[in-house]
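K.L.:
Mind looking at a prediction? Sequence and model below.
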Amino acid sequence: MDSLATLFTENLDMIYIVILSVFLGIEVISNVPAILHTPLMSGANAIHGVVIIGAIIVMGHAAPDDYLALSLGFLAVILGTLNVVGGFVVTNRMLEMFKKKK
């Protein structure tokens, strides 16, 4: 329990930044007009390719017996891939609406 308390006290600045970024993200996303929501979200989902690359790098640098880093990296690769594929599916469906029907 003492190690958890020291972790919080040592990283208090980073914890404040994370909390403020969560509030800022909620405020920004709640003020996006409905007409822009789908293109912005599909683009943001496609950016998760960076998460996939980062997870692969973390898994590559992890020690073979560090199961926590390997499992979190694997989970990040799976979830990032799902998000990328979902972003492209949403974009494809959005672009289908603008095609002329036969």
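P.N.:
Sure, I can see it.
K.L.:
Which neighbouring elements make contact with the worst-scoring helix or strand of the chain on mean pLDDT?
P.N.:
Here the helix or strand of the chain ranked lowest by mean pLDDT, DSSP states H and E is helix 34-46, holding a mean of 72. Packing partners of helix 34-46 (3 or more C-beta pairs under 8 Å, 6 or more residues apart in numbering; DSSP states H and E): helix 67-96. The way it works is simple: take the backbone N, C-alpha and C, and place the C-beta from them, glycine included.
K.L.:
mind running it again at 10 Å?
P.N.:
Applying 3 or more C-beta pairs under 10 Å, 6 or more residues apart in numbering; DSSP states H and E, one finds that helix 34-46 contacts helix 12-30, helix 67-96.
K.L.:
Give me the residues contacting that helix.
P.N.:
Contact with helix 34-46 is made by 29, 32-33, 80, 82-95, 97, as judged by C-beta atoms under 10 Å, 6 or more residues apart in numbering.
K.L.:
Likewise for stretch 65-73?
P.N.:
In contact with stretch 65-73 (C-beta under 10 Å, 6+ apart) are residues 54-64.
K.L.:
Please indicate which of those residues has the highest neighbour count?
P.N.:
Ala55 (20 neighbours; other C-beta atoms under 10 Å).
K.L.:
Ignoring the adjacent residues along the chain, who's closest to that residue?
P.N.:
Counting by C-beta to C-beta, 6 or more residues apart in numbering, Ala76 is the residue found nearest to Ala55 once chain neighbours are left out, at 3.6 Å.
K.L.:
That neighbour and Ala62 touch, don't they?
P.N.:
No. The pair Ala76 / Ala62 is not scored as a contact, 11.9 Å apart, by C-beta atoms under 10 Å.
K.L.:
quick one: Cys93 from Gly87, how far?
P.N.:
Check again: residue 93 is Arg, not Cys. Arg93 sits 11 Å away from Gly87, going by C-beta to C-beta, to the nearest Å.
K.L.:
Perfect, that will be all.
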